[in-house]
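>>> Following is a predicted model, sequence given first.
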Amino acid sequence: MYNNGWRWTFHLGFVQYRLPSAVSGPLRSFFGWAGNLLYPADCRVCSTPLVTFSRVPVCHLCLAESHPFEAEIFCKQCRTPFISRAPLDEEGCCSLCRLGLRGFDAAYSSGEYAGALRKLIHLFKYQAIYSLEKTLVDRLSDSLPRDQHYDLLTPVPMHWWRRLSRGRNHAEILARGLGRRTGIRFAEPLFRKKLTPSQAKVSRAERRRNVQGVFAVRRPVSVRGKRILLVDDVLTTGSTAGACAAALKKAGAAHVAVITIARVDRRDWVEPFVTDRGSKAATAS
């Protein structure tokens, strides 16, 4: 609880999460209205006082805010946006996808890693607001192409020590939720062989080195010939997803696609791309 200068504010979770399940409908709405009137909480995204009763401490406008990931020029396979067509071949594939260096075969995202969507992911991932699961799974489900079939759905794995320290693997929560929503079978064939520094704390080049040879498949027969959907929260450089996909492909997976809630727009970054002859050239991607 804290005083913001003219009213007392605290998170309503202490009250609303403890109401018996029998309290529902109009009566639950009344308790929510009365609670917010007496002890108004603020939206964790925009700081607007909440006026509705919900387990999610975010206003409906922020929950509904959309930042679609749009680009006029992008790779048709990995969906990486570009500021020019120079890195793309006649079929619209970037050099990394053309040479099979991405690891994954397709990538889907709900929106851009910006604005309210970025804050929602941070609340879920770093502040353990797991009541946002439904909202984020809805975003994942909406971005999944309906004309594609997948045999398995799996999260990007977390090292056992990091999972022990954090309590839960956010990617696993999302993957299980998406599995229930779509009917795709959930499985965890991947594991991390060693603990590595957080990807958020290293450079782009270090991201690639950071995950080289880190992932492996427990039972290769469980993924052999399968079409697999890999789930994570954000796609930044694609290094982690690519390393996971490479391990699955090495074990015999037929196709690996990546699906994330959001994707970082990297069009203002400068990164080398590989030509068909193996040389490197600089371009923006």
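Sure, I can see it.
>>> Double-check that residue 154 belongs to a helix.
No: counting by DSSP: H, G, I helix; E, B strand; the rest coil, residue 154 is not found in a helix; it is strand.
>>> How about it, nearest residue that isn't a chain neighbour?
residue 187 (5.5 Å; CB to CB, 6 or more residues apart in numbering). (C-beta placed from N, C-alpha, C; glycine too.)
>>> neighbours of that neighbour, just the number please.
Close neighbours of residue 187, defined as other CB atoms under 10 Å, add up to 18.
>>> Likewise for residue 141?
Using other CB under 10 Å, residue 141 is surrounded by 14 other residues.
>>> Could you do residue 92 as well?
For residue 92, using other CB under 10 Å, the count is 13.
>>> and what of residue 157?
Other residues near residue 157 come to 21 when the count uses other CB under 10 Å.
>>> That one: what secondary structure?
State at residue 157, reduced to three classes by three-state DSSP: coil.
>>> Residue 195: what's it in contact with?
159, 161, 162 (CB atoms under 8 Å, 6 or more residues apart in numbering).
>>> So it versus residue 125, what's the distance?
Remark: distance between residue 195 and residue 125 (CB to CB, to the nearest Å) = 18 Å.
>>> Give me the phi and psi for residue 130.
Backbone geometry at residue 130, expressed as degrees, to the nearest 10, gives phi -70, psi -10.
>>> Also residue 261?
Taking degrees, to the nearest 10 as the convention, residue 261 sits at phi -70, psi -40.
>>> Quick check: it touching residue 121?
Yes: between residue 261 and residue 121 there is a contact under CB atoms under 8 Å: 5.9 Å.
>>> Those two: who's more crowded?
Between residue 261 and residue 121, counted using other CB under 10 Å, the more crowded position is residue 261 (27 against 20).
>>> Next one: the more buried one from residue 71, what distance?
In terms of CB to CB, residue 261 sits 18 Å off from residue 71.
>>> which stretch of helix or strand covers residue 83?
Assigned by DSSP states H and E, residue 83 falls within no helix or strand.
>>> circling back: list the contacts for the residue nearest to residue 154?
Residues counted as contacts of residue 187 (CB under 8 Å, 6+ apart) are 152, 153, 154, 222.
>>> Great, nothing more from me.
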